[in-house]
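1. The following block contains a protein sequence and its predicted model.
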Amino acid sequence: MNHFPIFVSLAGARVLLSGGGEPALAKLRLLLKTPAAITVFATDPAPEIEGWAEAGNLALRRRAPEAADFTGVTLAYAAEEDAAQAARTAALGRAAGVLVNVVDNLDASAFITPAIVDRAPVTIAIGTEGAAPVLARALKADIESRLPAALGPLARIGKAFRALADALPHGRPRRDFWSDYYGPEGARAFAERGESGAQAALQDLLARHMDQAARPGHVAFVGAGPGDPDLLTLKARRALDTADVVIHDRLVTPTILDLARREALMINVGKEGFGPSTSQDRINALLIEHARTGAQVVRLKSGDSTVFGRLDEEIDACDAAGVAWHIVPGITAASAAVAAIGQSLTRRGRNASVRFLTGHDVAGFADHDWAALARPGEVAAIYMGKKAARFVQGRLLMHGADRATPVTVIENASRPDQRVLSSTLATLPADLTSAAMTGPALTFLGLAPRAAAQALPALHKELA
């Protein structure tokens with residue numbers, strides 16, 4: 001992000017604009033919506049500029065700007081159609097320490113004016129850093145079509161009510177109050193009774209929310225999916241939108257964490273097999289501690305929180321403390337990984353069941369029914385199985401598994417850096433060592449990528 005988005009106060013500020021043609025007009029139509037004192041320098045100004053000057057909306061100087069003209073200026077626009085003249089204006093502004101925008105010249109500009117959706121006092125700015133102006137305009141049109149025309153008046157009424165709303169406790173109670181107002185309540189009241197209806201709705205809402213302000217906290221156990229934010233469920237998105245505290249695992253991707261409210265407290269309680277970990281007792285304590293303050297807590301777990309997520313222990317802790325909770329399921333890694341190799345977890349004539357296994361547990365490498373898993377046609381999804389690969393290989397071969405049994409390891413399933421390793425039971429540990437996978441991986445016993453499954457020889461191996 002080369003351009004940091006901010007909203008600059010122009011109340012009582014001076015803005016200088018040099019230029020009198022179409023580029024200048026485009027900027028002035030926006031600037032005239034602000035309370036800034038605007039001075040335009042143009043030797044041949046467009047009739048619209050002359051009209052605005054006659055109406056007292058701006059000051060017009062029929063000459064080029066000089067260094068002294070930049071004294072006390074907050075923003076400057078070099079909107080000349082002649083590149084040399086625009087460069088001169090920009091140089092004068094920079095020398096005076098003024099932020100200058102050179103119209104249609106991103107590299108020479110200290111700031112840019114984004115595409116704007118105006119529902120004053122609500123303003124939405126859209127920028128692409130010059131990469132795709134057409135996209136910015138398309139986004140603007142899409143957002144404008146979605147926002148109700150009454151949003152501006154509702155915001156003005158709400159702004160005047162903010163001091164009264166401060167009677168609610170800071171944090172979630174206030175957010176819930178304003179969410180209800182800007183959601184169905186305010187819009188419906190404004191549509192039915194205009195401004196007086198919206199003001200009455202605010203009074204009624206405040207009374208109801210004052211009664212609810214002391215309600216207890218809550219824990220939502222949310223599955224974050226395998227990593228691709230597009231695979232996050234709508235219910236999970238809503239939970240992140242309202243969370244006061246997000247207690248998340250190590251494997252939850254930054255792009256998903258970025259979806260949480262900016263004000264939310266983010267707590268990393270990551271665990272790593274055979275490595276550094278936050279104790280389960282500490283995680284349980286954090287859930288209870290924050291919920292007891294009245295916070296809406298999201299316990300964000302990679303994949304689906306009901307699969308190898310120690311969910312029962314955390315639910316038991318909430319129950320013992322009298323903390324309310326609910327579960328939001330997510331897409332588990334096995335579903336994302338099997339999609340990545342173009343296969344199905346079950347197939348008629350091959351396997352009527354599939355097993356989800358863990359490569360290790362709190363006691364070390366996990367033991368399973370190896371004799372059943374060694375039978376031809378069995379399919380198993382092994383979570384946390386990289387470090388257990390040699391152990392799994394040995395147990396299966398000991399119980400008669402075919403050395404040519406296909407094994408596929410998918411690292412970072414669904415993410416941009418996803419990798420697929422096609423191997424066999426005979427060569428799995430060596431292939432994993434060669435692949436040097438460092439990300440989270442899921443191992444499929446009995447499944448090859450669709451292309452590899454159709455190819456010969458059977459011991460085909462590919463790292464992609």
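-> Perfect, thanks for sending it. Fair warning: this is a prediction, and the values are worked out from it, not measured in the lab.

2. Quick check: pLDDT value at residue 135.
-> On the pLDDT scale, residue 135 is placed at 89.

3. which ones are touching the residue most central in space within the chain?
-> Ranked by distance to the mean C-alpha position of the chain (CA atoms, centre = their mean), the top residue is residue 259 at 3.0 Å. For residue 259, the contact set (CB atoms under 8 Å, 6 or more residues apart in numbering) comprises 229, 232, 237, 240-241. For glycine as for every other residue, the C-beta is placed from the backbone atoms N, C-alpha and C.

4. for residue 304, same thing?
-> By CB under 8 Å, 6+ apart, the residues touching residue 304 are 223, 225, 329-332.

5. change it to 10 Å
-> Residues near residue 304 by CB atoms under 10 Å, 6 or more residues apart in numbering: 222-226, 311, 327-335.

6. Please point out which parts of the helix ranked longest in the chain sit buried.
-> The residue-count maximum for a helix in the chain (DSSP state H) belongs to helix 186-212. Neighbour counts over helix 186-212 (16 or more other CB atoms under 10 Å) mark 186-187, 189-190, 197-199, 201-202, 205-206, 209 as buried.

7. Please tabulate the residues you listed in JSON lines and include pLDDT as additional columns.
-> Output for the buried residues of helix 186-212, formatted as JSON lines (pLDDT from 0 to 100):
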{"residue": "186", "pLDDT": "82"}
{"residue": "187", "pLDDT": "80"}
{"residue": "189", "pLDDT": "84"}
{"residue": "190", "pLDDT": "85"}
{"residue": "197", "pLDDT": "86"}
{"residue": "198", "pLDDT": "86"}
{"residue": "199", "pLDDT": "87"}
{"residue": "201", "pLDDT": "85"}
{"residue": "202", "pLDDT": "87"}
{"residue": "205", "pLDDT": "83"}
{"residue": "206", "pLDDT": "84"}
{"residue": "209", "pLDDT": "77"}
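
8. with the residues you listed in mind, which one is nearest to residue 319?
-> residue 209 (28.2 Å; CB to CB).

9. Distance of that closest one relative to residue 162?
-> 14 Å (CB to CB, to the nearest Å).

10. Residue 387 too?
-> Distance of residue 387 to residue 162, computed by CB to CB: 55 Å.

11. Comparing those two, which shows the higher neighbour count?
-> residue 387 (14 against 10; other CB atoms under 10 Å).

12. Checking the more buried one next. Helix, strand or coil?
-> Following DSSP: H, G, I helix; E, B strand; the rest coil, the label given to residue 387 is coil.

13. Check residue 433 too.
-> Three-state call for residue 433 (three-state DSSP): helix.

14. just to revisit the earlier point, common neighbours of residue 209 and residue 162, please.
-> Common contact partners of residue 209 and residue 162 (CB under 10 Å, 6+ apart): 174, 178.

15. So for stretch 243-255, what gets flagged as buried?
-> For stretch 243-255, by 16+ other CB under 10 Å, it's 243-249, 251-253.

16. re the thing from before, wait, which of the contacts of residue 304 is closest to residue 372?
-> Residue 372 has its nearest neighbour among the contacts of residue 304 in residue 334, at 18.3 Å by CB to CB.

17. Look at that closest one and report its pLDDT.
-> pLDDT, read off for residue 334, is 95.

18. How about the secondary structure of it?
-> Assignment for residue 334 (three-state DSSP): helix.

19. Endpoints of stretch 381-390, how far apart?
-> Terminal residues of stretch 381-390 lie 16 Å apart, using CA to CA, to the nearest Å.

20. Export the contacts of residue 259 as a markdown table, with columns for secondary structure, neighbour count and distance to residue 396.
-> Shown next, in a markdown table, are these (DSSP: H, G, I helix; E, B strand; the rest coil; neighbours: other CB atoms under 10 Å; distance: CB to CB, whole Å):
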| residue | secondary structure | neighbour count | distance to residue 396 |
| --- | --- | --- | --- |
| 229 | helix | 18 | 36 |
| 232 | coil | 23 | 35 |
| 237 | helix | 15 | 40 |
| 240 | helix | 22 | 40 |
| 241 | helix | 14 | 45 |
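
21. of those residues, the lowest pLDDT goes to which?
-> residue 241 (90).

22. Setting aside sequence neighbours, what's the nearest residue to it?
-> Excluding its sequence neighbours, the residue lying closest to residue 241 (CB to CB, 6 or more residues apart in numbering) is residue 261, at 6.4 Å.

23. who's in contact with that neighbour?
-> Per CB under 10 Å, 6+ apart, neighbours of residue 261: 175, 240-244, 246, 296, 298.

24. mind listing which of the residues you listed are in helices?
-> Members of these lying in helices (criterion: DSSP H): 175, 240-242.

25. Closest one to residue 46 out of those residues, please.
-> Using CB to CB, residue 241 comes nearest to residue 46 of the ones in helices among the contacts of residue 261, at 45.8 Å.

26. Same list, the contacts of residue 261, but as CSV with distance to residue 416 please.
-> Output for those, formatted as CSV (distance: CB to CB, whole Å):
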residue, distance to residue 416
175, 33
240, 21
241, 24
242, 28
243, 26
244, 31
246, 23
296, 31
298, 24
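
27. re the thing from before, for the longest helix of the chain, name the packing helices and strands.
-> With contacts taken as 3 or more CB pairs under 10 Å, 6 or more residues apart in numbering; DSSP states H and E, helix 186-212 sits against helix 151-165, helix 172-180.

28. buried ones in whatever helix or strand residue 138 lives in?
-> Using DSSP states H and E, residue 138 falls within helix 133-146. Residues of helix 133-146 classed as buried: 136, 139-140 (neighbour count, 16+ other CB under 10 Å).

29. can you give me the strands in the stretch 251-400 of the chain?
-> 265-268, 296-301, 324-328, 355-358, 360-361, 364-365, 380-383 (DSSP state E, counting those that start in this stretch).

30. buried stuff in the fourth one?
-> Same thing as strand 355-358. Across strand 355-358, burial judged by 16+ other CB under 10 Å covers 355, 357-358.

31. Reformat those as CSV; add pLDDT and distance to residue 166.
-> What follows is the buried residues of strand 355-358, written out as CSV (pLDDT from 0 to 100; distance: CB to CB, whole Å):
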residue, pLDDT, distance to residue 166
355, 94, 56
357, 93, 54
358, 90, 50
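
32. Nearest to residue 80 among these?
-> Ranked by distance to residue 80 (CB to CB), the buried residues of strand 355-358 are led by residue 358 at 67.7 Å.

33. right, and residue 126 touches residue 143 too?
-> Yes. Checked against CB atoms under 10 Å, the pair residue 126 and residue 143 is within contact range at 7.5 Å.

34. Now do the shared contacts for those two.
-> In contact with both residue 126 and residue 143: 115, 117, using CB under 10 Å, 6+ apart.

35. For residue 273, report the pLDDT, please.
-> pLDDT, read off for residue 273, is 56.
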